[in-house]
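Undergrad: Curious how this folds, go ahead:
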Amino acid sequence: DYAILSAVQGVCAELGFSREQTVFVSGIGCSSRFPYYMDTYGFHTIHGRAPGFATGIKVANPDLNVWMVTGDGDGMSIGGNHLAHILRRNVNINILLFNNEVYGLTKGQYSPTSPVGQKSKTSPLGSIDRPFNPINFALGANATFVARTIDTHVKHMSGILKAAAAHEGTSFVEIYQNCLIFNDGCFDDVVDRKIRDDMTVDLKPGEPLVYGKELDKGMRFNGWGLERCSADEAATWDSTVESTAPAVMMGELANEADMPRPIGIFRQVEAPAFEVETERQITTAKEVKGDGQLED
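TA: Numbers count the residues shown, from 1 in each chain. Presented below is the predicted three-dimensional model:
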């Protein structure tokens, strides 16, 4: 949590956000203590319902800089329905989903993102649930900005947070996060610094899909799938494609052990922001009918 906190504070300061114009909203969980550590306005709300509060705050005062912090339990379980709707509505806020593949606050039960077979206090013989893929969940809800970063990859995380903050519409950022107490090392096979360069491919808009310590490995599309190739044969990544198909294919690589795990920006497209369209409708109604009176 503190690595993410430090990155968020640094980005807010660097981008010049004023404290009194910034609001952090959260639900319930370890991640949801976040507003207490930000010297801004904050709402620590109820389990899974942060999207409703964040939507109301942004619509009531569109000038506010609104961030929503959630986790794989709060956001993908009881809050899954609410998360889907804020994504499809394209409310201009930034959503950070801390994914540690376990319930941390309530002491180590398996979560909606836990892999099949994960043993926990509520799955002692191993989870039989098929997990959610947060990236493809967001893409399925037609989110306009979808990205993934890593808690220990601070430089990368800061860059993704800046891109998310600049996006006009809902930005959704999944952050791979370790849980030292209940799921220690859950992403070590991907994010450990000794192997990270060979196990992840950074989706940089307009740049080739290359990876490895020497950037000598590449990826390219082959029909309805992706395959490894040499760096000089690598495809160029385009996050602005209107279709979600390329991004979904990248999201599916989380399930393929022999392929690098994508991080970076999966999708980044333009669409009307919910609060802007709401204000437009209100203005139109007032022009036709006047301001109206509560008594009427």
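Undergrad: Do a quick rundown of the strands in the stretch 51-200 of the chain.
TA: Secondary structure of the stretch 51-200 of the chain by DSSP state E, counting those that start in this stretch: the strands cover 65-71, 94-99, 145-150, 171-176, 200-203.
Undergrad: What is the fourth one packed up against?
TA: When you say that, I think you mean strand 171-176. strand 94-99, helix 134-140, strand 145-150, helix 154-166 (3 or more CB pairs under 8 Å, 6 or more residues apart in numbering; DSSP states H and E). In short, each C-beta sits where N, CA and C put it, glycine included.
Undergrad: Then the longest one?
TA: Contacting strand 65-71 under the criterion 3+ CB pairs under 8 Å, 6+ apart are the following elements: strand 22-26, helix 50-60, strand 94-99.
Undergrad: which other residues reach it?
TA: Here strand 65-71 makes contact (CB atoms under 8 Å, 6 or more residues apart in numbering) with 8, 17, 21-27, 29-32, 34-35, 50-51, 54, 57-58, 79, 83, 86, 92-100, 104, 165.
Undergrad: still on that earlier bit, so can I have a markdown table of the strands of the stretch 51-200 of the chain showing mean neighbour count?
TA: Below are the strands of the stretch 51-200 of the chain laid out as a markdown table (neighbours: other CB atoms under 10 Å):
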| stretch | mean neighbour count |
| --- | --- |
| strand 65-71 | 27 |
| strand 94-99 | 26 |
| strand 145-150 | 28 |
| strand 171-176 | 26 |
| strand 200-203 | 23 |
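Undergrad: Can you say which of those strands is nearest to residue 294?
TA: Closest to residue 294 of the strands of the stretch 51-200 of the chain is strand 65-71 (CB to CB; 27.2 Å).
Undergrad: what does the average pLDDT come to for the closest one?
TA: The average pLDDT for strand 65-71 rounds to 98.
Undergrad: Does residue 270 touch residue 168 like I think?
TA: Yes. Counting by CB atoms under 8 Å, residue 270 does reach residue 168; the two are 7.1 Å apart.
Undergrad: what is in contact with these two at once?
TA: Common neighbours of residue 270 and residue 168, using CB under 8 Å, 6+ apart, do not exist here.
Undergrad: hey, which of the helices and strands packed on strand 65-71 is tucked in deepest?
TA: Each of these was scored by mean neighbour count; the highest is strand 94-99, a mean of 26, by mean count of other CB atoms under 10 Å.
Undergrad: Contacts for that one next, please.
TA: 1, 4, 8, 30-31, 66-72, 75-76, 83, 86-87, 113, 134, 151, 161, 164-165, 167, 170-177.
Undergrad: What pairs with it, parallel or antiparallel?
TA: Here strand 94-99 is paired, per DSSP bridges, with strand 65-71 (parallel), strand 171-176 (parallel).
Undergrad: Let me have those in a markdown table, extended by distance to residue 208.
TA: Supplementary listing: those in a markdown table, determined by distance: least, CB to CB, whole Å:
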| stretch | distance to residue 208 |
| --- | --- |
| strand 65-71 | 32 |
| strand 171-176 | 23 |
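Undergrad: So which of these is nearest residue 259?
TA: Closest of the strands paired with strand 94-99 to residue 259 is strand 171-176, at 16.2 Å (criterion: CB to CB).
Undergrad: List the contacts of the closest one.
TA: Strand 171-176 has contacts (CB under 8 Å, 6+ apart) with 4, 87, 93-99, 134-135, 138, 143-151, 157, 160-161, 163-165, 187, 190-191.
Undergrad: let's go with 6 Å and repeat that
TA: Outside strand 171-176, the residues within contact range by CB atoms under 6 Å, 6 or more residues apart in numbering are 94-99, 134-135, 138, 143, 145-151, 160, 164, 187, 191.
Undergrad: Might you list the low-confidence residue ranges for this protein?
TA: By pLDDT under 70, the chain contains no weakly predicted segment.
Undergrad: Quick check, central residue of it?
TA: residue 173 (2.0 Å; CA atoms, centre = their mean).
Undergrad: If I take the longest helix along the chain and strand 65-71, what angle do their directions form?
TA: If each helix of the chain is counted by residues according to DSSP state H, the longest one is helix 274-289. Interaxial angle, helix 274-289 versus strand 65-71 (axes from the mean of the first three to the mean of the last three CA atoms, to 10 degrees): 130 degrees.
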